[in-house]
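Engineer: Predicted model, plus sequence, below.
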Amino acid sequence: MAGTQIHRPNHALAHALRQTWYCPFVLQYLRTSADMDSDQWCAIGHREVLACQLRLVFEATGRQTDFGWEKEFSFTSHRLRQEFMQQVQAIFRAEDVRSPGGTLLELGDIAPQRFCSTNFKVAHAALTAKWKLTKWDEPSNLEEQLTLIKESLRSLLTEYCKSYPGMNAGMAFEMYLHEALKPEETTADFVARLWCLDAKAREPPNTGLEFLKGRKLYSILAETIRKDDISSPLFQPAVTLVCMLQHHLNSARRHGDHVPCNRPVKWPGGRDGPSGENPLDDVIWSTEMHTVWRGGTLPREHLPFYEEMAHRSKTRSDAFYRVPQLLATSFHKRVAFEFQEQFVDNRVLWKVKLRDPNELPQDGGGGCNQATLIEKSAYKTEHEFLFSAYSAFRVLDVDSTQEVTKVTIEAVVDNGKVGEDVPCAPWC
């Protein structure tokens, strides 16, 4: 038998079931152990334990499969979990929300994904590590940066258009380059303008929208990052473009440096703030001080997630969640209304509160390290405040009694201070 390779195809299944069975016993130990914060563990209810067990059933354990770490198996557990929840929905669709079937269906939305186990986390870490190693920000790398952005954009559009007859990836690519790439500007300016070109394009003609049948580039990026499907040919180019955008815009804010074009970081200053036309203004007029807005739609099946997170926030200071995509917001409430009006049903208005940047975190301030203003997002009077992918928030309130649902959330000061195992929003 020496040197003989023996496969154990059922080992991972046995281990997953063993973990699932241990879960409530481990929790009971944590609740009663003198060395642990028992109040923290007692706050975890039966539904959360069940959610944890469901995730453990589908978790990849040990090796990704018992045949090795080949990348084609890295998304298997995610797909199995999705298929399981689809079956649950089909079986218990007519059940009351508090029935066993309803509880499982609810849990499918409350704990759908964790940042710590995403493919985006791995891909993002690999890219940023490579860039740091090669001193990516040096001017000598400008051409290489431009080439990478162009190749990623071309690949993303080409692969996306394969699934939709009538779209013209080549023409869309050329149009985006014509509109976004300007002489003597940085790659940060280029990728920022790429992100927001469609936002200011109210009509398709003469824009990339014309050749994508009205589909917006930022929507394609958001959808791809949210799905986190490493098997998709869209995944790697989308991650590259998102990482490039975050690398240039948000690292400057985190390290206290100036953003591209040597402009200071901008902040919503309320109705007494200046117009923002002066490049030196670091506080700009907004609808409400330390507040940004987002409009859109929130399908009814995802509303329980936010209601549950709002309920948790009333009793727990660590009831955070993450948004699995870049999150665009505006200084102006009217802009949020404009986006909201594009939808007929399930409209939502997000109010995103920020901590005062002039106060210390221990005094309730601190600003926000993972968001910055993109002034090229549209016209000069329209200020887009963009949060990094997988930014963390806390739900303060949900009001679904009116025609338009209103969700009030608060952005954390630093994503790095929030655990990577908090739940991700199923819709945002």
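Structural biologist: On my side now, so go ahead.
Engineer: Name the SS class of the nearest residue to Leu197 once chain neighbours are set aside, please.
Structural biologist: Using C-beta to C-beta, 6 or more residues apart in numbering and skipping residues adjacent in sequence, the residue nearest Leu197 is Glu179, 5.4 Å away. The C-beta positions use only the backbone N, C-alpha and C, and glycine is treated the same way. Following DSSP: H, G, I helix; E, B strand; the rest coil, Glu179 is assigned to helix.
Engineer: From what I see, Glu179 and Phe173 are in contact.
Structural biologist: No: counting by C-beta atoms under 8 Å, Glu179 sits too far from Phe173 to count as a contact (11.2 Å).
Engineer: Comparing the two, which residue is more hemmed in?
Structural biologist: With neighbours defined as other C-beta atoms under 10 Å, Glu179 and Phe173 compare such that Phe173 has more, 20 against 17.
Engineer: What residues of the helix or strand containing that one count as buried?
Structural biologist: Element membership for Phe173, per DSSP states H and E: helix 169-180. In terms of neighbour count (16 or more other C-beta atoms under 10 Å), helix 169-180 has its buried residues at 169, 172-173, 175-177, 179-180.
Engineer: Format these as CSV; extra columns: distance to Ser152 and pLDDT.
Structural biologist: As requested, these are arranged in CSV below (distance: C-beta to C-beta, whole Å; pLDDT from 0 to 100):
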residue, distance to Ser152, pLDDT
Ala169, 13, 91
Ala172, 14, 89
Phe173, 11, 92
Met175, 16, 88
Tyr176, 12, 89
Leu177, 13, 90
Glu179, 17, 85
Ala180, 13, 87
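Engineer: Present the residues you listed as a markdown table; the columns should include distance to Gln325.
Structural biologist: A markdown table is the format used below for the buried residues of helix 169-180 (distance: C-beta to C-beta, whole Å):
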| residue | distance to Gln325 |
| --- | --- |
| Ala169 | 22 |
| Ala172 | 21 |
| Phe173 | 22 |
| Met175 | 24 |
| Tyr176 | 20 |
| Leu177 | 24 |
| Glu179 | 23 |
| Ala180 | 20 |
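Engineer: Looking at those, which one is closest to Leu327?
Structural biologist: Here the nearest of these to Leu327, counting by C-beta to C-beta, is Ala180; it sits at 21.0 Å.
Engineer: pretty sure that closest one is touching Phe190, no?
Structural biologist: Yes: with contact defined as C-beta under 8 Å, Ala180 reaches Phe190; the gap is 5.8 Å.
Engineer: those strands in the stretch 251-400 of the chain, which residues are they?
Structural biologist: 267-268, 283-284, 291-297, 320-323, 327-330, 347-353, 371-374, 384-387, 391-399 (DSSP state E, counting those that start in this stretch).
Engineer: Downstream of the last one, the next helix or strand is which one?
Structural biologist: Next along the chain after strand 391-399, taking DSSP H and E as the criterion, comes strand 405-411.
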